[in-house]
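Asks: the following comprises the amino acid sequence and a computationally predicted model.
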There are 2 protein chains.
Amino acid sequence: MTGGRGTAERGAGERRTRRKAEASTGVPQPPWGPIRNPMPPLELLDEDGLRRIDDTALRVLEELGIEFLNDAALDVFEKAGCRVDRSTKLVRFERGMVRETVARAPRTFRLHARNPERTLVIGDNTINVGPVGSPPNVSDLDRGRRPGTFADLTNLIKLNQMLTCVHHSGGTLVEALDLPADSRHLDLYRAHTFLSDRCFIGRGIGRERILDAIEVICIARGITREQLMAEPSLFTVINVNSPRRVDREMIGGLMAMTEHGQPCIVTPFTLAGAMSPVTIAGALAQQTAEGLAVITLIQLLRPGTPVMFGGFTSNVDMKSGAPAFGTPEYVRATIIGGQIARRWGLPYRSSNVNASNCVDAQSTHESAMSVWACIMSHTHFMHHGTGWLEGGLVASFEKVIVDAEILHSMRAWLSPLDLSDDALAFEALKEVPPGGHFFGATHTMARYEHAFHTHLIADWRNFQSWQEAGSLTATQRANVVWKKLLESYVEPPLDPARKEAIDAYVARRKSEIGQRGIL
Amino acid sequence: MTGGRGTAERGAGERRTRRKAEASTGVPQPPWGPIRNPMPPLELLDEDGLRRIDDTALRVLEELGIEFLNDAALDVFEKAGCRVDRSTKLVRFERGMVRETVARAPRTFRLHARNPERTLVIGDNTINVGPVGSPPNVSDLDRGRRPGTFADLTNLIKLNQMLTCVHHSGGTLVEALDLPADSRHLDLYRAHTFLSDRCFIGRGIGRERILDAIEVICIARGITREQLMAEPSLFTVINVNSPRRVDREMIGGLMAMTEHGQPCIVTPFTLAGAMSPVTIAGALAQQTAEGLAVITLIQLLRPGTPVMFGGFTSNVDMKSGAPAFGTPEYVRATIIGGQIARRWGLPYRSSNVNASNCVDAQSTHESAMSVWACIMSHTHFMHHGTGWLEGGLVASFEKVIVDAEILHSMRAWLSPLDLSDDALAFEALKEVPPGGHFFGATHTMARYEHAFHTHLIADWRNFQSWQEAGSLTATQRANVVWKKLLESYVEPPLDPARKEAIDAYVARRKSEIGQRGIL
């Protein structure tokens, strides 16, 4: 990870871009770019430990089976030689077949955005971040906690679009509860496409919502479905209804995605003590079994379709029965989940999560635990990367900014360190005498303005100055920052003809759905 | 890191201890024990990068030299063949001699507490935590920020003694500004010895304060100075007055420590942009040079004396000139500092630091960055592990608890994972049907009470319950917890005869110092 001289030159270009970004928003940020972890991922378990979890998972697949509530899926499994019980809808898998089938999935792939500069590499040591998904509520310091609306949703999309540490526009950043449930997804797709130039997540509940997403993306990118197949754009999250059940609607979404070559993020919801055994080893065995079963279905449907293995194992709080996140159990599960995904040659999804009721030391501690676990385990897509609060029940505007502070910091320390002769500063060390200081040194004067990472909300003034300025906490400063960013939001350019075509499509589909409901 | 069956058995013992601890304090904690990182330390720089920093450091030692403001030290260096300039007091070192001399320091050693159960291993993959050191102010939510007193100091010692994630009693947890400066150290040593059964830090400013610490420890342990030499107990922090100056008083402390075989923590204060070059590479080269120069002195004075390499490189905030901590620069410097210490075969000290003005999302984010960096780089002694706020100007009671939450969490996820057949839970997975839940499963019922890590301040109740209970933030809950812990404080046993002897020694020394001042 030696930077050498090239880094210093790149640095100058980055500084110019940063100055430009800062001038337009008043909020300093480094240029957009992925997080790259130059170190190998953490290996918390040894080979023997991993094998014990994998073996248990394969035993679950062989002996207990997974329930698939969809006849077409059962047909596919039967054709592939699985033992299918039509009455219980349980599918049992032979382990050799699972290994062979899952091996067809690519280890790495690209996810193409309508702005080619926002195209993502999914795999290797690249960590991509998307915002919070699916909370019913929204919150900020001015208006408090309340049910989500379409206005909140668009503000959250815009705010994340302004952040250079967010790589993906996400899905339902908050539920637009003021819109009809059957056609809400159309407004969502239109909003992502118009307000962001990044990829987004389609709603994987049933086939029809996925087909709508595919249509909107093809119009926005000006491409055919064949080209989309070769250059995937769309993610969807396929949750397993743990334990061991895959719902009909999820399979419908999965099939529509797979037919079009679009990658599913297969994520069992294995909350230890609730939907999974109360032990992390047991929950991980279950997560592995469920994930592999669904990925096997995808690779049987269309071999080679890109896919991600999603880890979401955490634990419940045994006092209240509530889900807990960012716990030691979550860190372990995230890191070991990454090891298991690598064993199976699959890109890995995980999340930045916490279960605090407000943006405080708890939410920050739990999020920091989650983010470090994600990045140290080479999580290729960090879902819920910004704004998630209260175990996913709330999207918080201030939390978006606190998370961005964490993510920017992580990216900064992982980026190449300048180790040029100039950076090693022997001449500066020679210039300043023992007991002196470097404030006025030539070396310092030439680079002090952009020597260090700039922060969104950190306040390092002395106590008196901070007190005179109103003793604002970081959460209160985050409130100021998200408003500044929203005020300076600029819509990314999109060909007006494509916009019109999307509007027409959305209008036509809304009318269809209005007449007959969603299928 | 496979736990296997042994872990389950150990687990039962730990649970009993935990239940006992919980019953007496109302605050659940795991038993006392070090943090062990089972994974190799992070390697952020490659060999070439490390060599570039080391080479620059050695060039500084050879060409520029380090100022030692103490004639006895200059004599030692001259005798060892260094180029000593008596007029400037600059010592220049030949790199071969530095390598050979530093190599005499042990890679690992034990630090013996008066309670043998609290003896620490310094080295390998063991991370020991000590509390905040040296702030002039103290703060809590009830009484706000104020100058420190002896009452605050003793409360902080007691509070940390109650925490099972703190391994060392620290030094000046806050300055007792209500006591005379010349004899304050005697009250400090007495307080540590009576109120804690762990090791403490002596004040390394001048010879006399160190000799007092050594005397108090020998009485407390009931041992001779010869035994103390063989079984060191005392740390002191020797700061370099960066750049490139080592003060007379520091050398006095260092010499007294070394004569008695007690380990110094040699810590340059290399704040990039102030006392060091504005680049992290330059600041690290300087830290390495300064650290090696002082460690060379120690190993010349008494070859084989245990010593620690201290890293404290951070950056200033270029807007305000104030020190910033827990920044990306700090994380890099901490991890690379660990790599450099390992290259030189030396145990490593680093810190849990932040520069926020209150206990909020900023302090938690910066502390989390620091703690992860410490633990991932195998920091053998984490100074300022609990309670540090405002760049070290304040010891905060609430921050002690937030930091303990972080430290307990880190220790928990790094401890061995139970991978027994029982934990892998195949039978439980068999028991619960698809779409069911594990709340009532036999496997869950048998272990739910102690299945997961227990937390100090996390609140995972739903929003309504949390709101009805007063909408307390984590910082407010920390206020409740530190009071509970202080209320349930019990003084660790110490032979009354030894207590009397310490009291007599302290009284005699205070009278001496009262007559002639401290030397």
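Replies: Happy to help now that I have it.

Asks: which bits of the stretch 201-350 of chain A sit near chain B?
Replies: A:241, A:243-245, A:272-282, A:285-286, A:315, A:317-324, A:327-329, A:331-332, A:336 (C-beta under 8 Å from any C-beta of the partner chain). For the C-beta atoms, the positions are set from N, CA and C on the backbone; glycine is no exception.

Asks: quick one: the helices in the stretch 401-519 of chain A?
Replies: Using DSSP state H, counting those that start in this stretch, the helices found in the stretch 401-519 of chain A span residues A:421-424, A:426-431, A:442-447, A:463-468, A:474-487, A:496-516.

Asks: can you check the stretch 201-350 of chain A too?
Replies: A:207-221, A:225-230, A:248-259, A:280-301, A:328-343.

Asks: how far off helix A:248-259 does the fourth one point, in degrees?
Replies: When you say that, I think you mean helix A:280-301. For helix A:280-301 against helix A:248-259, the angle by axes from the mean of the first three to the mean of the last three C-alpha atoms, to 10 degrees is 50 degrees.

Asks: tell me the SS of the residue of the stretch 51-200 of chain A found nearest chain B?
Replies: Relative to chain B, the nearest point of the stretch 51-200 of chain A is A:Glu67 (3.8 Å; C-beta to the nearest C-beta). Following DSSP: H, G, I helix; E, B strand; the rest coil, we place A:Glu67 in the strand state.

Asks: roughly how far apart are it and A:Glu405?
Replies: From A:Glu67 over to A:Glu405 the distance is 43 Å, taken as C-beta to C-beta, to the nearest Å.

Asks: kindly report the same for A:Leu64.
Replies: According to C-beta to C-beta, A:Leu64 stands 44 Å off from A:Glu405.

Asks: neighbour count for these two, which is higher?
Replies: Using other C-beta atoms under 10 Å in any protein chain shown, the more surrounded residue of A:Leu64 and A:Glu405 is A:Glu405, with 23 against 20.

Asks: residues contacting the more buried one?
Replies: For A:Glu405, the contacting residues are A:455-458, A:474, B:365, by C-beta atoms under 8 Å, 6 or more residues apart in numbering or on different chains.

Asks: just among these, which is most surrounded?
Replies: Among the contacts of A:Glu405, A:Ala474 has the most neighbours (other C-beta under 10 Å), with 30 neighbours.

Asks: and that residue, how close does it get to chain B?
Replies: Going from A:Ala474 to chain B by C-beta to the nearest C-beta, to the nearest Å gives 4 Å.

Asks: near chain B at all, the strand or helix carrying A:Ala368?
Replies: For A:Ala368, the host element (DSSP states H and E) is helix A:361-376. Yes - using C-beta under 8 Å from any C-beta, helix A:361-376 reaches chain B at A:361-366, A:368-369, A:372, A:376.

Asks: quick one: low-confidence parts of chain A?
Replies: Filtered on pLDDT under 70, chain A yields the residue ranges A:1-24.

Asks: leaving out the residues flanking it, which one is nearest to A:Ser320?
Replies: The shortest distance from A:Ser320 to any non-neighbouring residue, by C-beta to C-beta, 6 or more residues apart in numbering or on different chains, is to B:Arg461 (5.2 Å).

Asks: can you name the residues that contact that neighbour?
Replies: When the contact criterion is C-beta under 8 Å, 6+ apart, the partners of B:Arg461 are A:320, A:322, A:357, B:469.

Asks: quick check: bridge partners of the residue most central in space within chain A?
Replies: The centroid of chain A falls nearest to A:His383 when counting by C-alpha atoms, centre = their mean (2.3 Å). Legend: beta-bridge partners of A:His383 under DSSP bridges are A:Ser351.

Asks: my read: it touches A:Asn239, true?
Replies: No - A:His383 is beyond contact range of A:Asn239, at 11.5 Å (criterion: C-beta atoms under 8 Å).

Asks: got the contacts of A:Glu405 as a markdown table, with distance to B:Trp344 columns?
Replies: As requested, the contacts of A:Glu405 are exported to a markdown table (distance: C-beta to C-beta, whole Å):
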| residue | distance to B:Trp344 |
| --- | --- |
| A:His455 | 33 |
| A:Leu456 | 37 |
| A:Ile457 | 38 |
| A:Ala458 | 33 |
| A:Ala474 | 38 |
| B:His365 | 31 |
